[in-house]
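Asker: could you work out the structure for the sequence below:
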Amino acid sequence: MKLLLWKPLFFLLLIIIFQIISFLWSTDLKLGLHNILIFLIFLIIMTSTYEIAKSYPKRILYVLIIYFIFLLIEVILVIIFRIYPLIELDFLHSNIAKIFINPNTIHGLFNGIRNNVFDPNKAGGFFVNANVAAAFLGINALICYSFFKIYNNNLLKIITFFLIIGVFFTGSKAGIILILSLLFLSFIIFYFLNKILTLQKIIYILFFINIIYLLIIFWGYNFLQSDFVKKTMSTTEIRLLIWKYGIEQFLQHPIIGLGFGGWQENFKIYALKMGIGTGFPPHNTLLYLWAQSGIFVVIFALLFIFYIIKFGLILIKSSIKELQGLGIAILGAFGWTFIHGMGTNFGLIGEIHMEIILATLLGYSLARLKFYQKKVIYENEYNNL
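Answerer: You can find the predicted model right below:
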């Protein structure tokens, strides 16, 4: 019970409570129950991991290594489906797909609720959305990379490499940008923390950045004319229309929002008027939370984000290598979720596949912090004898 008073979990609990209250003005209680269940699963996994890691941290590590190995199946599928799109279509029609993907989701794909895996330039593996697949692989890549740096496990180094390759093969524009930027930041922080960033290495890094810069200038014009940029602009235009509607609705219902199901019902009229699809969700974590349950849930979400970032920074500031690495993993994985979530519909803690590894990481990191804190207290008491 005391663990639930830890600030990130405390604000998560407040979000759950206020979402239950918002059932009073909601039209889709099933959607509300689904959202609350996702938060509860996160809490259960996080607290369970914390309790196990306090006594048996190596068991959590072994489970994570096995988990990372199994992620290679998703990478292989993404690569195959990107190279051979027809195989992905056959997979989605198969009974095997129904084991790993919600049958209702698969049914919707072929009955009007289409998703971007039908784009031959994208691939999702076990996911029907390439952006979600990229985020899932990218978040795991950042965590796997941090664990490799902490524990010097070469197997994790190899898995990290393939997870990064998997992100590129999804075809997700946001995924590619985030994996490059966040991985680079993780690399820089690790080297700064360990004082390995010599003058020679700084010169190499600056040289590399300048080469990239020159390449961008050289091929800049062709890039701006490419399908990549045109599709990005088209996607952004649609999101701006969605957010415009969200702002209009916020000004009308700032406190209680629209309730669960309210967005889905009200957006259709606006979408038909603007000539866009009627099924678009808000494509923004905070906007979605407001629409579901009102402004107070948004405030609690912002506080949750703040305290997760604060926790990551506390770990990084430690003099202990393991805690530093876990801090980088926290900021990288949750940072991806928060940043990408501002333009997609993952939710505050990611979709259900992401929240498992995020909750495990959070629980394990907190347990290791408590372990070292107790160790310092014990050593201080021993020295004072």
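Asker: now do the helices in the stretch 201-350 of the chain.
Answerer: In the stretch 201-350 of the chain, the segments counted as helices under DSSP state H, counting those that start in this stretch are 227-252, 262-274, 285-293, 295-316, 321-341.
Asker: out of those, which one sits most buried?
Answerer: helix 285-293 (a mean of 26; mean count of other Cβ atoms under 10 Å). C-beta here means a position set from N, CA and C on the backbone, and glycine is covered the same way.
Asker: rounded mean pLDDT for it, please.
Answerer: The pLDDT scores in helix 285-293 average 93.
Asker: other SSEs contacting that helix?
Answerer: In terms of contacts (3 or more Cβ pairs under 8 Å, 6 or more residues apart in numbering; DSSP states H and E), helix 285-293 is packed against helix 7-21, helix 227-252, helix 262-274, helix 295-316.
Asker: now do that helix against helix 321-341, angle only.
Answerer: For helix 285-293 against helix 321-341, the angle by axes from the mean of the first three to the mean of the last three Cα atoms, to 10 degrees is 70 degrees.
Asker: who touches helix 285-293?
Answerer: 15, 18-19, 21-22, 26, 32, 35, 243, 246, 249-250, 256-260, 262-263, 281-282, 297-298, 301-302, 338, 341-342, 345-348 (Cβ atoms under 8 Å, 6 or more residues apart in numbering).
Asker: thinking again about what came up before, what would the helices and strands packed on helix 285-293 look like in JSON lines with distance to residue 173?
Answerer: As requested, the helices and strands packed on helix 285-293 are exported to JSON lines (distance: least, Cβ to Cβ, whole Å):
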{"stretch": "helix 7-21", "distance to residue 173": "30"}
{"stretch": "helix 227-252", "distance to residue 173": "5"}
{"stretch": "helix 262-274", "distance to residue 173": "23"}
{"stretch": "helix 295-316", "distance to residue 173": "23"}
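Asker: by mean pLDDT, show me the worst of the ones you listed.
Answerer: Looking at these, the bottom one is helix 227-252 with a mean of 75.
Asker: low pLDDT regions in the stretch 101-250 of the chain?
Answerer: 112-114, 194-235 (pLDDT under 70).
Asker: where along it do the strands fall?
Answerer: Taking DSSP state E, counting those that start in this stretch, the stretch 101-250 of the chain contains no strands at all.
Asker: which residues in the stretch 51-200 of the chain form helices?
Answerer: With DSSP H, counting those that start in this stretch as the criterion, the stretch 51-200 of the chain has helices spanning 57-83, 85-93, 95-100, 103-109, 130-151, 154-170, 173-193, 199-224.
Asker: identify, out of these, the most deeply packed stretch.
Answerer: The most buried one of the helices of the stretch 51-200 of the chain (mean count of other Cβ under 10 Å) is helix 130-151, showing a mean of 26.
Asker: relative to the whole chain's centre, how far out is that helix?
Answerer: 10 Å (Cα atoms, centre = their mean, to the nearest Å).
Asker: equivalent analysis for stretch 58-69, please.
Answerer: Distance, centroid of stretch 58-69 to centroid of chain: 20 Å (Cα atoms, centre = their mean).
Asker: what does the average pLDDT come to for it?
Answerer: Rounded mean pLDDT across stretch 58-69 is 96.
Asker: what does it contact?
Answerer: 49, 52-53, 140, 144, 147, 151, 153, 155-156, 159, 357, 360, 364.
Asker: likewise stretch 13-31?
Answerer: With Cβ under 8 Å, 6+ apart as the criterion, stretch 13-31 contacts 4, 32, 35-36, 39-40, 43, 256-257, 259-262, 264-265, 289, 292-294, 296-297, 300-301, 304, 348.
Asker: so what would you say the end-to-end distance of that stretch is?
Answerer: End-to-end distance for stretch 13-31, by Cα to Cα, to the nearest Å: 18 Å.
Asker: centre of the chain to that stretch, how far?
Answerer: 23 Å.
Asker: now do stretch 105-120
Answerer: 22 Å.
Asker: span of it from start to end?
Answerer: Stretch 105-120: ends 19 Å apart by Cα to Cα.
Asker: tell me who's in contact with the nearest residue to residue 193 once chain neighbours are set aside.
Answerer: Computed as Cβ to Cβ, 6 or more residues apart in numbering, the closest residue to residue 193 that is not its neighbour in sequence is residue 324, at 5.1 Å. Neighbouring residues of residue 324 by Cβ under 8 Å, 6+ apart: 190, 193, 315, 316, 318.
Asker: again, but for residue 50
Answerer: Residue 50 neighbours (Cβ under 8 Å, 6+ apart): 3, 363, 364, 366, 367.
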